[in-house]
Structures are given as C-alpha cells and as structure tokens.
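> here's my sequence, what's the structure:
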Amino acid sequence: MLLDPVQSRSAIQHALENRYAILAVNADSHAALTDCLEAAFQLNAPIIIETSLWQLEGHSFGSGDAILGLSRYIANVALLANSERYKNIPVIFHTDHIKGEKTLTILEAAIQGIRFSAHQKDIWLRASTVSLDASELSHEQTIEHILHLCAFAKQNNLPVTLEMEDAVDDGITSAEVAAKLLGSVESAFPDHIHLWAPGVGTQHGFGENMHFSPKTIEAQVALAKKITGREIGIALHGSTGLSAEDLRNAVKAGVVKVNWSTESLFIRSNAAKNYYELMIEKLDKKHTQWKAAAMDNGVNKFVSEIYIPRVKERIRILSGENKATDIMKLVQSK
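Below you'll find the predicted structure:
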C-alpha cells in the first residue's frame with residue numbers, strides 16, 4: 001500500500017523505536033520498481049522507492065519533463081503498491097536528489113499533488129515524503145527552501161513529511177550546523193522534519209574514501225533530540241561503500257532509512273550486459289528464437305533473477321524483514 005505523508009511518519013517512527021531501517025532504493029526504471037516491491041513482498045518488509053531528477057526527466061518517465069515524470073512515477077508506484085499482490089506491503093514514495101532551478105516547482109508538485117484525470121474522475125498523485133538535494137546549496141539556502149516548502153504545505157492545508165539534508169559528501173556535520181539547520185525549521189514549523197540526513201563520513205558513489213563510524217550516528221541522533229526535543233531517525237546517504245557490519249551498527253545507532261543507488265544500478269546494468277552477451281547468437285535475425293531473446297521480458301526476467309536476491313539481502317542486513325505486518329496494523333489503526 002502506498003503510504004501518505006502521515007502514515008509514512010508512523011512507519012519511520014516504528015523503525016526508530018524498533019531499531020531497524022527501511023531500504024530506500026533509487027529505482028531507475030519501471031522494471032526496477034517491480035523488482036523492489038517483489039523483494040519486499042517476499043520478505044514481508046516495508047520499502048521506500050525514491051526518485052531523483054534524472055529519473056523524472058529520463059526517457060522512461062518524463063522524457064525531459066520533470067512534472068510529467070513525477071506523475072508517471074507516482075502513478076506507477078501507486079498502481080503496484082495498491083495492487084492485490086502488494087497491498088499489504090507498506091510503500092513510501094520519496095523524492096531524492098532534486099536540485100537546480102526547478103527544485104521548488106517539482107517539490108511543490110510532489111506535496112500538493114498532480115491531478116490525473118481519467119473516465120471523468122480526478123486522482124491526486126502525491127509523494128509520501130520529500131527531501132531536496134543540499135549539495136549545491138548554502139546552509140542559508142537549504143533553510144530557506146525547507147521553510148518555503150513548509151509554508152507552502154500550510155497554505156494549502158496539506159500534510160508534509162520532510163527529510164532535511166546537509167551536504168552529505170562534505171564530511172561530518174558539526175553540532176553548530178545541525179543546530180542551525182534543524183533549529184531554524186523546528187522553531188518555525190515544529191514536527192515537520194521526520195528524517196535527518198547529516199554528513200556522517202559516507203560518500204555517494206562507491207565510497208572509496210569513507211570515514212564512517214556508528215558513533216557519529218549516535219551523536220547526530222542525540223543532537224537532533226537536543227535541538228528539537230524529539231527523536232528523529234537518521235537517513236543514511238552514500239551506503240554503497242559500507243560493509244554489512246557497518247550497516248547493522250548504523251541501524252542500531254539510529255539509522256532508519258538507507259539510500260541505495262550506486263550498487264543497485266551497478267547490479268542491474270551488469271546483469272543486463274551479461275544477458276546480451278549470453279544472447280548474442282540468438283539476437284541474429286536468422287535465429288529461430290531471436291524475438292524471444294529481443295523482447296523486453298527476456299532481459300528484465302534475467303535481471304530480476306539476479307537483482308531481487310540482492311535487494312532481499314540488503315533488507316535483511318537492515319533488519320527490515322517481517323516488519324510490514326506491524327506497520328500496516330499501525331497505520332490502519334489511525
């Protein structure tokens with residue numbers, strides 16, 4: 001089931017209280033979305049599906065139009081998440097790595113929703129949780145953007161569940177910066193930030209130069225509580241270079257959301273490469289099986305058989321297995 005912003009808060013808080021993390025996959029295609037939900041289904045686990053600007057503007061979704069891409073992306077997630085097979089799996093749709101001059105326009109649309117009309121009926125497609133990419137922003141600009149989004153949600157009488165980010169690749173976020181970022185928003189709009197993504201020594205990409213310690217997570221959890229008066233779970237960016245032990249320790253320390261993009265893309269792209277290498281003879285037009293080899297189902301089925309077990313492995317490392325039922329009971333009771 002696709003969770004709304006308020007339900008998503010409950011899922012995040014459940015993860016924090018029970019010390020597990022929800023895997024957040026930056027899914028690059030319709031096939032990747034399906035595989036992620038299937039992996040979550042097989043493990044009875046919650047899952048976060050997140051998208052970045054390059055997916056929204058990419059050929060599979062918006063083909064240059066980020067707002068169209070956002071509509072297609074949410075519609076696809078909603079259709080899958082609310083289908084008979086996946087309706088008991090909590091699914092959060094999250095905006096990630098949205099940056100540049102279109103940032104506020106895209107995120108306002110994610111909060112307000114995009115109207116989809118069919119058969120004389122309107123459906124509003126909204127994101128579950130929202131963040132913006134702080135990598136190209138000053139701290140003042142980050143605060144300004146987040147405050148703008150909070151005010152926009154209030155003006156339109158809409159709930160919004162936010163992830164606030166520091167420039168993750170710039171090193172470990174200091175206590176002073178945390179106080180400035182979190183404090184500025186909390187004082188103006190209490191209880192809007194439910195995920196905090198500080199720099200904790202990780203890096204996006206394959207993370208060859210990480211300086212990560214779970215103690216940094218503990219310190220950031222304590223800082224967030226000191227600043228806001230409540231516990232806020234940590235969103236871990238740049239997780240590809242971390243070992244399974246690092247991830248388990250990070251979860252114990254207070255990480256509730258683990259972004260997964262670089263390794264995910266690497267697994268899928270190399271699986272597709274292997275498929276076409278294996279099928280090279282069958283892709284000759286004179287071969288009797290060339291159509292079956294060339295069809296979309298062929299490569300995607302091959303990739304799925306390699307990819308889904310790796311997603312399940314990641315979910316298990318984060319202790320997310322068998323948490324879906326408890327979350328569904330929680331969100332349905334409210």
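
> in the protein, which residue is closest to the centre?
Compute the mean C-alpha point of the chain, and by C-alpha atoms, centre = their mean the closest residue is E50, 3.3 Å away.

> doesn't that one lie inside a strand?
Yes - E50: assigned to a strand according to DSSP: H, G, I helix; E, B strand; the rest coil.

> my guess is D246 contacts I217. True?
No - using C-beta atoms under 8 Å, D246 is not in contact with I217, being 10.2 Å away. C-beta: built from backbone N, CA, C; applies to glycine.

> out of these two, which sits in the more crowded spot?
A count of neighbours by other C-beta atoms under 10 Å puts I217 above the other of D246 and I217, at 23 against 18.

> how about the more buried one: what's its closest non-neighbour residue?
A253 (3.7 Å; C-beta to C-beta, 6 or more residues apart in numbering).

> count the residues that sit near the one you found.
Close neighbours of A253, defined as other C-beta under 10 Å, add up to 19.

> the chain: strands as residue ranges?
Per DSSP state E, the chain carries strands over the ranges 22-26, 47-51, 91-95, 114-118, 121-125, 129-131, 162-165, 193-197, 233-236, 255-260.

> can you spell out which helices and strands pack onto the third one?
Okay, so that is strand 91-95. Other helices and strands packing on strand 91-95, by 3 or more C-beta pairs under 8 Å, 6 or more residues apart in numbering; DSSP states H and E, are strand 22-26, strand 47-51, helix 66-81, helix 103-112, strand 129-131.

> could I get the ones you listed as a markdown table with distance to V160?
Listed next are the helices and strands packed on strand 91-95 as a markdown table, based on distance: least, C-beta to C-beta, whole Å:
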| stretch | distance to V160 |
| --- | --- |
| strand 22-26 | 18 |
| strand 47-51 | 16 |
| helix 66-81 | 15 |
| helix 103-112 | 5 |
| strand 129-131 | 6 |
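
> now render those as TSV, adding mean pLDDT and distance to I308.
Listed next are the helices and strands packed on strand 91-95 as TSV, based on pLDDT from 0 to 100; distance: least, C-beta to C-beta, whole Å:
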stretch	mean pLDDT	distance to I308
strand 22-26	97	12
strand 47-51	97	12
helix 66-81	94	14
helix 103-112	95	28
strand 129-131	96	24
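
> next up, the contacts around the residue nearest to the centre of the chain.
Counting by C-beta atoms under 8 Å, 6 or more residues apart in numbering, E50 touches 24-27, 93-96, 259.

> can you lay out the strands of the chain as a markdown table showing distance to E208?
Below are the strands of the chain laid out as a markdown table (distance: least, C-beta to C-beta, whole Å):
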| stretch | distance to E208 |
| --- | --- |
| strand 22-26 | 20 |
| strand 47-51 | 24 |
| strand 91-95 | 26 |
| strand 114-118 | 39 |
| strand 121-125 | 38 |
| strand 129-131 | 25 |
| strand 162-165 | 22 |
| strand 193-197 | 21 |
| strand 233-236 | 17 |
| strand 255-260 | 17 |
